[in-house]
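Student: Here's a sequence, model it:
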Amino acid sequence: MTGLGNLNGQVVGTHSTGSRSVKHGVSFLDVLTNKNHAEKEDDVLVLDPATFSLAISPGRRAVGRALGFHELNSLKSSLSEAGIGGVSLQYLGGLYVLISMDSEERLSSLLNEKDSWSRWFSLLQPWLGQALPYERLAWINILGVPPHLVSRAVFYQIGSRYGKVVQSSRFLESDGDLSPDRLGILLDSGNTVNGLLNLSWQDKKI
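Tutor: Coordinates of the predicted model:
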């Protein structure tokens, strides 16, 4: 038997244990206790069909997806500066926002003026209770890049390996601390972003 993992941890790979084998995702302790690891279906929670948390106001609500993080962050002031009043914004996650207007006429006018709203949104449509694609914004810290490779371009490439970069590096060579950097990325899953990444430079792995 080779490569035993922690009794309560996960064994990486498949290793021989007599007549049995330890498979990916199965702990050594489970093998010792002969615990059955049959394929399980995803857990499903059945909800009351009548459940609906956000009351629909026909003709007065829309859902929009901002062009980027900057547009999302400045959306309230941008709408105000454009003379669009009577609006309330609720963040839905990722780049999505729920827009409520104080009248059907105002919302209809906004929806019909694509040349105007396309400055801030890639998508703007009436809110009818439809499901939206899951996405979220995450801020990641980048550590350990060698001093001779620290640059906005390198940090952008690293961030792009994990998601779509929506807030680029603000790194400057004149910064007092050159060790860390922080990026905003857009993700389509709830998985934690945490890992090690090898860099290849001039045929050297760093």
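Student: which residues of the protein score low on pLDDT?
Tutor: 1-41, 55-56, 173-174, 178 (pLDDT under 70).
Student: how does it look with 90?
Tutor: 1-43, 47-59, 85, 128-131, 140-152, 155, 168-182, 189-201, 203-206 (pLDDT under 90).
Student: So Phe155 lies in a helix, does it not?
Tutor: Yes: according to DSSP: H, G, I helix; E, B strand; the rest coil, Phe155 belongs to a helix.
Student: what's around it, how many residues?
Tutor: If you count neighbours by other C-beta atoms under 10 Å, Phe155 ends up with 23. (Each C-beta comes from the backbone N, C-alpha and C, glycine too.)
Student: do the same with Asp188
Tutor: Neighbour count of Asp188, defined by other C-beta under 10 Å: 12.
Student: Tell me which residues touch it, please.
Tutor: Pro133, Tyr134, Glu135, Gly163 (C-beta atoms under 8 Å, 6 or more residues apart in numbering).
Student: isn't the third one right up against Gly93?
Tutor: Right, the one you point to is Glu135. Yes: in this structure, Glu135 is within contact of Gly93 by C-beta atoms under 8 Å, at 6.5 Å.
Student: if we can go back for a sec, for the contacts of Asp188, which one is nearest Pro180?
Tutor: Distance ranking of the contacts of Asp188 against Pro180, using C-beta to C-beta, places Gly163 first at 18.3 Å.
Student: Leaving out the residues flanking it, which one is nearest to that closest one?
Tutor: Leaving out its chain neighbours, the residue that sits closest to Gly163 by C-beta to C-beta, 6 or more residues apart in numbering is Ile185, at 3.5 Å.
Student: Tell me which helix or strand the one you found sits in.
Tutor: strand 180-187 (DSSP states H and E).
Student: And that strand, how far out from the chain middle?
Tutor: Relative to its parent chain, strand 180-187 has a centroid offset of 10 Å by C-alpha atoms, centre = their mean, to the nearest Å.
Student: So what touches that strand?
Tutor: So strand 180-187 is in contact with 69, 94-95, 135-143, 145, 150, 155-156, 158-159, 162-169, 171, 193, going by C-beta under 8 Å, 6+ apart.
Student: I'd like the contacts of Asp188 laid out as a markdown table, including neighbour count and distance to Leu197.
Tutor: Listed next are the contacts of Asp188 as a markdown table, based on neighbours: other C-beta atoms under 10 Å; distance: C-beta to C-beta, whole Å:
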| residue | neighbour count | distance to Leu197 |
| --- | --- | --- |
| Pro133 | 9 | 27 |
| Tyr134 | 12 | 25 |
| Glu135 | 17 | 22 |
| Gly163 | 20 | 13 |
